[in-house]
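Chemist: Sequence isn't available, so here's the structure alone:
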């Protein structure tokens, strides 16, 4: 059997099944390096358990509690160090106001906004296309049929109608 | 003995004269000229009336040569005519060809033999009805213009004048009581645009006891109120003093409108539908005032165009400028396009969504 490798942490955490754990423990009986590594991991784990958890800031706790209360607007954000202090009209940067200069190019800074705008345009165009397509399909083809006038029949009627001839039907009696 | 005053005797004599004159007029043959024609400016109207009556009541046979001139060419046809009183006029046509540098004979009458009324375009319009003569007299001055010859026969010349004094038509009438020997139509520029003339005529002897009379004629507008009730709207008159004399809704699916000024005739056929331009073989397109007009004959007497959801077909026996003016005032709405279809779709969607629709 090769060295335990990544199975060391699993052995320490008790995540191996019975068979794998038995094989790992039997390996530790004759492999000193793996035994030393398991001991190191167990020591690190016990040390982490002994550390205290991080304390929650008092203002954050109060804000969360106020949010939990029914009704009432949310309280304004309280800045622990206001930047309203000035000296000779110039603002005095506070401890939290000091930030590294933003050397990122402007293009990267406006990218998401422009992409969002392009997305809106794309959605609008797509919606308009769907609407026009719907109207086009629902409108259907023109209900009027496509026709070619029967010009020979019209010409015969014209040639055989007497102007102001009364209501007499024109005679159409061609003979071969 | 009673002595009557001289004025009473004079009045009695005048009354007797009037009664005698009235009797004389009553005995006048029906084809003779009414006094109003003679006394008015239409000094040739009674001559036209006599010739129109002779065209129906006299037997004759002959050969006519009919030519229509267009802007660039002309269409001609030869008619063999035979009129037998009581049986009617028989016309046999043989297109003789075209002259000029373009055009075809498609607009000419088809070859064959036809029974035609002499008041129709097929019969040369040589025997107009009484009502058509009245319309002619209302729109024009019909004046006797002297003597002449046509087809080798003595003839009386009658001019039909417009209000401005220009000649709109000229007739040569057979002095021997025969039909119209020659008929010419002129446009407003004085150019002859249509002429029909006998080149050979054999006049049968007048039948004894036959009383020549013109056809009474009249309007054919009985269907007009029904058509208007259905929403059809069309002009009662067209440029050139063309007046609506016939309107029919033909069951096979088209509308017929006939216009005439007493000399010319323009027939308008209206169908519902879209014009299938690919099916118009032998027609060529022209652009007029932004619209497409399809024309077949070189004389400009046959036109087709689409307007809105309708197709208009016009056949005419009239000067080309009169036909063009009539076509121009008839509807020329744009053909329904994409926006029309989208609007139709929107209205359908609204009708579907409308619970009260």
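Modeler: It's in. Because the structure is a prediction, the values reported are computed rather than measured.

Chemist: Any idea how far the helix or strand hosting residue B:79 is from the middle of the chain?
Modeler: Secondary structure assignment for residue B:79, by DSSP states H and E: strand B:73-84. Distance of strand B:73-84 from its chain centroid, counting by Cα atoms, centre = their mean, to the nearest Å, is 17 Å.

Chemist: Sheet partners, orientation included, of it?
Modeler: Applying DSSP bridges to the sheet, strand B:73-84 is found paired with strand B:60-69 (antiparallel), strand B:88-100 (antiparallel).

Chemist: where do the helices sit along the stretch 251-357 of chain B?
Modeler: B:320-329, B:338-353 (DSSP state H, counting those that start in this stretch).

Chemist: I misspoke; the intended subject was chain A.
Modeler: A:7-13, A:18-30, A:32-50, A:58-68, A:106-139, A:151-159 (DSSP state H).

Chemist: looking at those, which is buried most?
Modeler: Burial of those is given as mean neighbour count (mean count of other Cβ atoms under 10 Å in any protein chain shown); helix A:151-159 ranks first at a mean of 20. Where you see a C-beta, it was placed from the backbone N, CA and C, and this is true even at glycine.

Chemist: looking at this, residue B:199 is in a strand?
Modeler: Yes - with DSSP: H, G, I helix; E, B strand; the rest coil as the criterion, residue B:199 is assigned to a strand.

Chemist: dump the residue contacts of residue B:122.
Modeler: Residues counted as contacts of residue B:122 (Cβ atoms under 8 Å, 6 or more residues apart in numbering or on different chains) are A:159-160, B:91, B:109, B:114, B:116.

Chemist: Which one (most neighbours) among the residues you listed?
Modeler: Neighbour counts for those, by other Cβ atoms under 10 Å in any protein chain shown, peak at residue B:116, which reaches 27 neighbours.

Chemist: and that residue, bridged to which residues?
Modeler: Going by DSSP bridges, residue B:116 forms beta bridges with residue B:89.

Chemist: isn't it right up against residue B:93?
Modeler: No - with contact defined as Cβ atoms under 8 Å, residue B:116 does not reach residue B:93; the gap is 9.7 Å.

Chemist: what bits of the stretch 201-350 of chain B have low per-residue confidence?
Modeler: Along the stretch 201-350 of chain B, the parts satisfying pLDDT under 70 run over B:208-214, B:335-337.

Chemist: and the residue of chain A nearest chain B?
Modeler: Proximity to chain B, evaluated over chain A using Cβ to the nearest Cβ, is greatest for residue A:139 at 3.1 Å.

Chemist: so what's that residue closest to, chain neighbours aside?
Modeler: Spatial nearest neighbour of residue A:139, excluding adjacent residues (Cβ to Cβ, 6 or more residues apart in numbering or on different chains): residue B:345 at 3.1 Å.

Chemist: How many residues are close by the one you found?
Modeler: 20.

Chemist: For it, list the residues it contacts.
Modeler: Contacts of residue B:345 by Cβ under 8 Å, 6+ apart are A:134-140.

Chemist: State the distance from it to residue B:354.
Modeler: Note on residue B:345: its distance to residue B:354, by Cβ to Cβ, to the nearest Å, is 15 Å.

Chemist: Residue B:78 now?
Modeler: Counting by Cβ to Cβ, the gap from residue B:78 to residue B:354 is 65 Å.

Chemist: Ok, residue B:258 next?
Modeler: Taking Cβ to Cβ, one finds residue B:258 at 44 Å from residue B:354.

Chemist: quick one, what contacts the nearest residue to residue B:342 once chain neighbours are set aside?
Modeler: Of all residues not flanking residue B:342 in the chain, residue A:135 sits nearest, at 4.5 Å (Cβ to Cβ, 6+ apart). If you count contacts by Cβ under 8 Å, 6+ apart, residue A:135 has them with B:341-342, B:345-346, B:349.

Chemist: what's the answer for residue B:181, then?
Modeler: Counted by Cβ under 8 Å, 6+ apart, residue B:181 has contacts B:150-151, B:153, B:155, B:172-174, B:197-198, B:201.

Chemist: Tell me the confidence at it?
Modeler: With respect to pLDDT, residue B:181 has a value of 96.

Chemist: Which residues of the stretch 1-150 of chain B lie near chain A?
Modeler: Contact residues (Cβ under 8 Å from any Cβ of the partner chain) of the stretch 1-150 of chain B with chain A: B:88, B:109-110, B:112-117, B:119-123, B:125, B:128-129, B:131-132, B:135.

Chemist: try 7 Å this time
Modeler: Contact residues (Cβ under 7 Å from any Cβ of the partner chain) of the stretch 1-150 of chain B with chain A: B:109, B:112-117, B:119-122, B:129, B:131-132, B:135.

Chemist: and if you look at the stretch 151-300 of chain B?
Modeler: Residues of the stretch 151-300 of chain B lying near chain A (Cβ under 7 Å from any Cβ): B:215-220, B:222, B:245-246, B:256, B:258, B:260, B:265, B:267, B:269, B:271-276, B:279-280.

Chemist: Got a PyMOL select line for the buried ones in those residues?
Modeler: In PyMOL, this line selects whichever of these come out buried by 16 or more other Cβ atoms under 10 Å in any protein chain shown:
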select buried, chain B and resi 215+217+218+219+220+245+246+256+258+260+265+267+269+271+273+274+275+280
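
Chemist: Which members of the residues of the stretch 151-300 of chain B next to chain A occur in strands, if any?
Modeler: Residues of these located in strands (DSSP state E): B:245-246, B:256, B:258, B:260, B:265, B:267, B:269, B:271-272, B:274-275.

Chemist: still on that earlier bit, mind listing the shared neighbours of residue B:116 and residue B:93?
Modeler: Among the neighbours of residue B:116, none is also in contact with residue B:93 (Cβ atoms under 7 Å, 6 or more residues apart in numbering or on different chains).

Chemist: number of nearby residues for the residue lying closest to residue B:322 once chain neighbours are set aside?
Modeler: Once flanking residues are discounted, residue B:322 sits nearest to residue B:240: 4.1 Å by Cβ to Cβ, 6+ apart. Neighbour count for residue B:240, taken as other Cβ under 10 Å: 24.

Chemist: And residue B:240, how close does it get to chain A?
Modeler: 14 Å (Cβ to the nearest Cβ, to the nearest Å).

Chemist: Now do the contacts for that residue.
Modeler: Per Cβ under 7 Å, 6+ apart, neighbours of residue B:240: B:261, B:322, B:325-326.

Chemist: What of residue B:206?
Modeler: B:58, B:177.

Chemist: Would you double-check that it falls in a strand?
Modeler: No - membership of residue B:206 in a strand is not supported by three-state DSSP, which gives coil.

Chemist: Need phi/psi at it.
Modeler: phi -70, psi 130 (degrees, to the nearest 10).

Chemist: any idea how far chain A is from it?
Modeler: Taken as Cβ to the nearest Cβ, the span from residue B:206 to chain A is 24 Å.
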